[in-house]
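J.: sequence and predicted structure below; questions after.
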Number of protein chains: 2
Amino acid sequence: MTAKSMTRAAFLVLTALADQPRHGYGILREVGELSDGEVQLRVGTLYGVLDRLTADGLIVLDREEVQQGRLRRYYRLTDEGVAALDAEAERMAAGAGAAKRRIAAGRRTGAPSRPAAEGPAGLEPPTPPGLAGGFA
Amino acid sequence: MTAKSMTRAAFLVLTALADQPRHGYGILREVGELSDGEVQLRVGTLYGVLDRLTADGLIVLDREEVQQGRLRRYYRLTDEGVAALDAEAERMAAGAGAAKRRIAAGRRTGAPSRPAAEGPAGLEPPTPPGLAGGFA
DNA sequence: CGATGATATATCGGCTGCCGATATATATCG
DNA sequence: CGATATATATCGGCAGCCGATATATCATCG
């Protein structure tokens, strides 16, 4: 079945929960710290994602605590959630690798922009094969 | 400025164009082949993405050909497009690595699901620090 | 010769999903 | 007392993806 790719926000939440259970606000902070502030998960995005992930069985409510008068609702990954995150990480790494390889391949002629002004216009380049290098 | 992350479809199009200019239908086929059929870019998605990428200056219309009575409109990456793709690939690789590391970190106790039935419920685990391992 | 399928372009409506704004409540700090 | 941090949650708008649809040419098969 291979299960189709999750959204970016979902990936961030799952990653934040990968090492230990966290509550909503904690997830928000963790995502920010994880990327040194570059990637930010918005509050308005969080709860929808949490609901969807729960409905999909990738996370579950771990426990509720009242800490200093404030409610904390902790979530944790299910086995299915771990598997999904792992699969997504694999896909992303593969995609990133493929992109890098192809950038390098396109650099060969040293002409990234202007393609050197073709001849009399004809005969399309027959897709120089060889190093394909796929996603998976 | 760091430029915010592009959409998945945009990433796929840029990747397909990374090694050489291609026309719309060719991009569609290339994306499919690249992932061995796992990832598919839909026709209904393509042209909107192409327009947006053009407006953003990441790709440009390279040339138009009439091959066997059918029009082919070739696009290619701009220097800015190459840079954007490269940056995105970097981000994805970092994110994938971070997820993998955290999954491994969470596996330590060998209790991925049930957290071993806590004691009388109190004293949250004080966020065992150490190996943080960020995105970037 | 007509049907089917691959090639190739493009549009549109609907649905999903992200985000800014907003609301509520408590604890801390100045 | 007001501002800031912690913590939850909802809602409306907008961007973006996808299925369906339309159009046209060429090759293949019956």
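T.: Perfect, thanks for sending it.

J.: looking at chain A, which residue is nearest DNA strand D?
T.: residue A:24 (2.7 Å; C-beta to the nearest atom of the strand). Using the backbone N, CA and C atoms, a C-beta is placed for each residue, glycine as well.

J.: residue A:73 in helix, strand or coil?
T.: strand (DSSP: H, G, I helix; E, B strand; the rest coil).

J.: what about the strands in chain A?
T.: A:22-23, A:59-67, A:70-77 (DSSP state E).

J.: and the longest helix seen in chain A with strand A:59-67, angle?
T.: Longest helix in chain A, counting residues (DSSP state H): helix A:79-106. Helix A:79-106 and strand A:59-67 meet at an angle of 110 degrees, taking axes from the mean of the first three to the mean of the last three C-alpha atoms, to 10 degrees as the criterion.

J.: nearest residue to residue A:52 in space, please, no chain neighbours.
T.: residue A:10 (7.1 Å; C-beta to C-beta, 6 or more residues apart in numbering or on different chains).

J.: what sits against the residue nearest to the residue of chain A closest to DNA strand D when sequence neighbours are not counted?
T.: Leaving out its chain neighbours, the residue that sits closest to residue A:24 by C-beta to C-beta, 6+ apart is residue A:46, at 5.7 Å. With contacts taken as C-beta atoms under 8 Å, 6 or more residues apart in numbering or on different chains, residue A:46 has the following neighbours: A:9, A:13, A:24, A:27, A:28.

J.: tell me the two of the residues you listed that are most distant?
T.: A:9 and A:24 (12.9 Å; C-beta to C-beta).

J.: just checking, residue A:36 touches residue B:91?
T.: No: counting by C-beta atoms under 8 Å, residue A:36 stays clear of residue B:91, with 12.0 Å between them.

J.: of the two, who's got more company?
T.: The residue with more neighbours, out of residue A:36 and residue B:91, is residue B:91; 21 against 10, by other C-beta atoms under 10 Å in any protein chain shown.

J.: what's the nearest residue to the more buried one if we skip its chain neighbours?
T.: Nearest one to residue B:91, counting by C-beta to C-beta, 6+ apart, is residue B:5 at 6.4 Å.

J.: please apply the same query to residue A:40.
T.: residue A:32 (5.8 Å).

J.: can you tell me how far that neighbour is from residue A:43?
T.: 12 Å (C-beta to C-beta, to the nearest Å).

J.: same deal with residue A:50?
T.: Applying C-beta to C-beta, the value for residue A:50 to residue A:43 is 11 Å.

J.: between the two, who's got more neighbours?
T.: residue A:50 (19 against 10).

J.: OK, contacts around the more buried one?
T.: A:13, A:24, A:59, A:75.

J.: which pLDDT value belongs to the third one?
T.: pLDDT, residue A:59: 98.

J.: I'd say it and residue A:74 touch.
T.: No: Residue A:59 is not in contact with residue A:74 according to C-beta under 8 Å; the separation is 10.2 Å.

J.: okay, those two: which has more neighbours?
T.: Shown here are residue A:59 and residue A:74; by other C-beta under 10 Å, residue A:59 has more neighbours (24 against 20).

J.: residue of chain A nearest DNA strand C, please.
T.: Counting by C-beta to the nearest atom of the strand, chain A gets nearest DNA strand C through residue A:44, at 1.9 Å.
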